[in-house]
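1. 3D, please:
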Amino acid sequence: MATVHILHGIHTSEPSGGVVKLLKPYFEKAGFGDVVVHSYGYVFAITTRWKNPQVVEEILPKIKNGDIVVGHSNGGTLAWMLAERGAPISGAVLINPALDANKALANQVRWVHVYFNQDDTAVWLSKMLLPFRHPWGEQGRIGYNGAPDVRYSNFDCQKESPPVFGHMDIFNPDKIYAWGPRIATRAWISHLNHSEK
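-> All right, here's what the predicted structure looks like:
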(Lines give C-alpha, C1' and ligand atoms only; values in the text may rest on other atoms or scores of the structure.)
Protein backbone atom coordinates (compact mmCIF):
# COMPACT_ATOMS: atom_id res chain seq x y z
CA MET A 1 0.00 0.00 0.00
CA ALA A 2 1.25 3.46 -0.87
CA THR A 3 2.41 5.85 1.82
CA VAL A 4 1.39 9.50 1.60
CA HIS A 5 4.22 11.87 2.53
CA ILE A 6 2.98 15.34 3.51
CA LEU A 7 5.49 18.22 3.35
CA HIS A 8 4.95 21.69 4.80
CA GLY A 9 6.24 25.08 3.68
CA ILE A 10 8.54 27.61 5.30
CA HIS A 11 7.87 29.46 8.56
CA THR A 12 6.52 26.32 10.25
CA SER A 13 7.83 25.86 13.76
CA GLU A 14 5.48 23.11 14.98
CA PRO A 15 7.13 19.68 15.22
CA SER A 16 3.88 18.24 13.88
CA GLY A 17 4.24 20.05 10.55
CA GLY A 18 1.91 22.99 11.09
CA VAL A 19 -1.34 23.34 9.17
CA VAL A 20 -0.54 20.60 6.64
CA LYS A 21 -1.22 18.05 9.38
CA LEU A 22 -4.91 18.94 8.91
CA LEU A 23 -4.82 16.93 5.66
CA LYS A 24 -3.79 13.67 7.33
CA PRO A 25 -7.25 12.46 8.50
CA TYR A 26 -8.76 13.22 5.09
CA PHE A 27 -6.18 11.09 3.29
CA GLU A 28 -6.69 8.29 5.82
CA LYS A 29 -10.46 8.43 5.39
CA ALA A 30 -10.09 8.41 1.58
CA GLY A 31 -8.37 5.02 1.79
CA PHE A 32 -4.66 5.62 2.27
CA GLY A 33 -3.47 3.44 5.13
CA ASP A 34 -0.18 5.13 5.90
CA VAL A 35 0.04 8.93 6.00
CA VAL A 36 3.21 10.59 7.31
CA VAL A 37 3.61 14.30 8.00
CA HIS A 38 7.28 15.24 7.71
CA SER A 39 8.54 18.23 9.64
CA TYR A 40 11.87 19.84 8.77
CA GLY A 41 11.54 22.80 11.13
CA TYR A 42 11.38 26.53 10.71
CA VAL A 43 13.06 27.79 7.55
CA PHE A 44 13.38 31.28 6.11
CA ALA A 45 12.97 31.84 2.37
CA ILE A 46 16.64 32.56 1.77
CA THR A 47 17.80 29.50 3.73
CA THR A 48 15.88 27.10 1.49
CA ARG A 49 18.83 27.23 -0.92
CA TRP A 50 20.87 24.99 1.39
CA LYS A 51 18.13 23.56 3.65
CA ASN A 52 16.00 22.05 0.86
CA PRO A 53 18.77 19.74 -0.41
CA GLN A 54 19.29 18.54 3.18
CA VAL A 55 15.57 17.84 3.59
CA VAL A 56 15.53 15.92 0.30
CA GLU A 57 18.43 13.76 1.48
CA GLU A 58 16.56 12.97 4.71
CA ILE A 59 13.25 12.08 3.05
CA LEU A 60 14.50 10.35 -0.11
CA PRO A 61 15.28 6.98 1.55
CA LYS A 62 11.82 6.94 3.16
CA ILE A 63 9.97 6.97 -0.17
CA LYS A 64 9.20 3.57 -1.64
CA ASN A 65 7.86 2.62 -5.04
CA GLY A 66 4.32 3.90 -5.59
CA ASP A 67 4.26 6.44 -2.76
CA ILE A 68 2.57 9.82 -3.02
CA VAL A 69 3.90 13.22 -2.02
CA VAL A 70 1.66 16.07 -0.89
CA GLY A 71 3.39 19.44 -0.67
CA HIS A 72 2.21 22.89 0.32
CA SER A 73 4.26 25.91 -0.76
CA ASN A 74 7.94 24.97 -0.36
CA GLY A 75 6.68 21.41 0.09
CA GLY A 76 5.81 21.56 -3.62
CA THR A 77 9.40 22.51 -4.38
CA LEU A 78 10.60 19.60 -2.24
CA ALA A 79 8.28 17.24 -4.16
CA TRP A 80 9.83 18.45 -7.43
CA MET A 81 13.36 18.05 -6.04
CA LEU A 82 12.60 14.53 -4.74
CA ALA A 83 11.30 13.51 -8.16
CA GLU A 84 14.40 15.01 -9.81
CA ARG A 85 16.55 12.88 -7.51
CA GLY A 86 14.70 9.78 -8.72
CA ALA A 87 12.34 9.18 -5.80
CA PRO A 88 9.89 6.46 -6.97
CA ILE A 89 6.86 8.71 -6.48
CA SER A 90 3.67 7.55 -8.18
CA GLY A 91 1.63 10.72 -7.71
CA ALA A 92 1.83 14.22 -6.27
CA VAL A 93 -0.54 16.80 -4.85
CA LEU A 94 0.82 20.34 -4.93
CA ILE A 95 -1.12 22.91 -2.92
CA ASN A 96 -0.15 26.52 -3.67
CA PRO A 97 3.29 25.29 -4.72
CA ALA A 98 6.21 27.73 -4.56
CA LEU A 99 7.50 26.37 -7.83
CA ASP A 100 8.13 27.80 -11.29
CA ALA A 101 4.89 27.48 -13.24
CA ASN A 102 6.58 25.63 -16.09
CA LYS A 103 8.39 23.07 -13.92
CA ALA A 104 7.04 19.54 -14.35
CA LEU A 105 7.81 16.67 -12.01
CA ALA A 106 10.11 13.97 -13.38
CA ASN A 107 8.65 11.29 -15.66
CA GLN A 108 8.29 8.54 -13.03
CA VAL A 109 5.47 10.58 -11.44
CA ARG A 110 2.30 9.33 -13.13
CA TRP A 111 -0.15 12.01 -12.00
CA VAL A 112 0.03 15.49 -10.49
CA HIS A 113 -2.75 17.63 -9.01
CA VAL A 114 -2.03 21.36 -8.67
CA TYR A 115 -4.27 23.52 -6.44
CA PHE A 116 -3.82 27.24 -7.10
CA ASN A 117 -5.57 30.59 -6.84
CA GLN A 118 -4.78 33.97 -8.37
CA ASP A 119 -4.66 35.71 -4.98
CA ASP A 120 -1.62 33.73 -3.87
CA THR A 121 0.77 36.68 -3.81
CA ALA A 122 3.23 34.79 -1.58
CA VAL A 123 4.45 32.59 -4.43
CA TRP A 124 4.66 35.56 -6.79
CA LEU A 125 6.80 37.41 -4.22
CA SER A 126 8.92 34.30 -3.71
CA LYS A 127 9.98 34.46 -7.35
CA MET A 128 11.10 38.05 -6.80
CA LEU A 129 13.02 37.15 -3.63
CA LEU A 130 14.92 34.20 -5.12
CA PRO A 131 15.15 34.87 -8.87
CA PHE A 132 18.42 33.22 -9.84
CA ARG A 133 18.68 29.46 -10.39
CA HIS A 134 16.04 28.71 -7.79
CA PRO A 135 12.94 26.63 -8.57
CA TRP A 136 10.56 28.91 -6.66
CA GLY A 137 7.88 30.55 -8.76
CA GLU A 138 4.18 31.20 -9.08
CA GLN A 139 2.67 27.79 -9.83
CA GLY A 140 0.57 28.29 -6.69
CA ARG A 141 -0.91 31.40 -8.28
CA ILE A 142 -1.47 30.37 -11.90
CA GLY A 143 -1.18 26.56 -11.90
CA TYR A 144 1.08 24.44 -14.06
CA ASN A 145 1.63 26.07 -17.46
CA GLY A 146 4.63 24.22 -18.88
CA ALA A 147 4.71 21.95 -21.90
CA PRO A 148 1.44 20.05 -22.43
CA ASP A 149 1.45 17.13 -20.02
CA VAL A 150 -1.46 14.72 -19.60
CA ARG A 151 -0.25 13.85 -16.10
CA TYR A 152 -1.24 17.29 -14.82
CA SER A 153 -4.62 18.42 -13.49
CA ASN A 154 -4.93 22.09 -12.48
CA PHE A 155 -7.62 23.03 -9.95
CA ASP A 156 -8.45 26.73 -9.66
CA CYS A 157 -9.53 27.00 -6.03
CA GLN A 158 -11.51 30.18 -6.69
CA LYS A 159 -13.84 28.34 -9.06
CA GLU A 160 -15.00 25.77 -6.50
CA SER A 161 -16.92 26.26 -3.27
CA PRO A 162 -15.87 27.52 -0.84
CA PRO A 163 -13.52 29.70 -2.91
CA VAL A 164 -9.94 30.06 -1.72
CA PHE A 165 -8.08 33.38 -1.65
CA GLY A 166 -4.37 33.46 -0.86
CA HIS A 167 -1.49 31.21 0.12
CA MET A 168 -2.86 29.63 3.32
CA ASP A 169 -6.62 30.13 2.98
CA ILE A 170 -7.32 26.51 2.02
CA PHE A 171 -6.34 25.50 5.57
CA ASN A 172 -8.80 27.83 7.29
CA PRO A 173 -11.31 25.88 9.42
CA ASP A 174 -14.23 27.17 7.36
CA LYS A 175 -12.65 25.81 4.16
CA ILE A 176 -10.55 22.74 4.97
CA TYR A 177 -13.71 20.79 5.87
CA ALA A 178 -14.69 20.97 2.16
CA TRP A 179 -11.27 21.00 0.53
CA GLY A 180 -9.65 18.26 2.62
CA PRO A 181 -12.01 15.49 1.45
CA ARG A 182 -11.97 16.82 -2.12
CA ILE A 183 -8.17 16.84 -2.34
CA ALA A 184 -7.79 13.41 -0.72
CA THR A 185 -10.58 11.75 -2.74
CA ARG A 186 -9.20 13.04 -6.03
CA ALA A 187 -5.77 11.71 -5.03
CA TRP A 188 -7.24 8.32 -4.10
CA ILE A 189 -9.04 8.03 -7.46
CA SER A 190 -5.88 8.95 -9.40
CA HIS A 191 -3.87 6.53 -7.28
CA LEU A 192 -6.28 3.68 -8.05
CA ASN A 193 -6.45 4.55 -11.75
CA HIS A 194 -2.69 4.58 -12.14
CA SER A 195 -1.73 1.71 -9.85
CA GLU A 196 -3.60 -0.74 -12.08
CA LYS A 197 -1.46 0.18 -15.11
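
2. where along this structure do the strands fall?
-> Secondary structure of the chain by DSSP state E: the strands cover 3-7, 34-38, 67-72, 89-95, 111-116, 152-156.

3. ok, now how distant is the closest residue to residue 1 other than its chain neighbours from residue 74?
-> Once flanking residues are discounted, residue 1 sits nearest to residue 33: 4.8 Å by CB to CB, 6 or more residues apart in numbering. Just so you know, the C-beta spots here come from the backbone N, C-alpha and C atoms, and that holds for glycine as well. Separation of residue 33 from residue 74 (CB to CB, to the nearest Å): 27 Å.

4. so for those two, which residue has more residues nearby?
-> The residue with more neighbours, out of residue 33 and residue 74, is residue 74; 28 against 10, by other CB atoms under 10 Å.

5. quick one: the more buried one and residue 98 touch, right?
-> Yes: counting by CB atoms under 8 Å, residue 98 is a contact partner of residue 74 at 5.2 Å.

6. so what sits against both of those two?
-> Residues touching both residue 74 and residue 98 (CB atoms under 8 Å, 6 or more residues apart in numbering): 9, 136.

7. dead centre of the protein: give me the residue that sits there.
-> residue 71 (2.3 Å; CA atoms, centre = their mean).

8. which secondary element of this protein has the worst mean pLDDT?
-> When each helix and strand of the chain is scored by mean pLDDT, DSSP states H and E, helix 121-129 comes last, with a mean of 69.

9. and the helices in this protein, which stretches?
-> 24-30, 48-59, 74-84, 121-129, 139-142, 173-195 (DSSP state H).

10. list the buried residues for stretch 84-93?
-> With burial defined by 16 or more other CB atoms under 10 Å, the residues of stretch 84-93 counted as buried are 87, 89-93.

11. look at it and report the distance between its end residues.
-> The stretch stretch 84-93 measures 16 Å between its terminal residues, going by CA to CA, to the nearest Å.

12. one more: stretch 158-166?
-> Stretch 158-166: ends 10 Å apart by CA to CA.

13. quick one: contacts of it?
-> 115, 117-122, 157, 170, 174-175, 178-179, 182.

14. chain center to it, what's the gap?
-> Mean-position distance between stretch 158-166 and its chain equals 17 Å (CA atoms, centre = their mean, to the nearest Å).

15. contacting residues for residue 68?
-> Contacts of residue 68 by CB under 8 Å, 6+ apart are 2-5, 32, 89-93, 187, 191.
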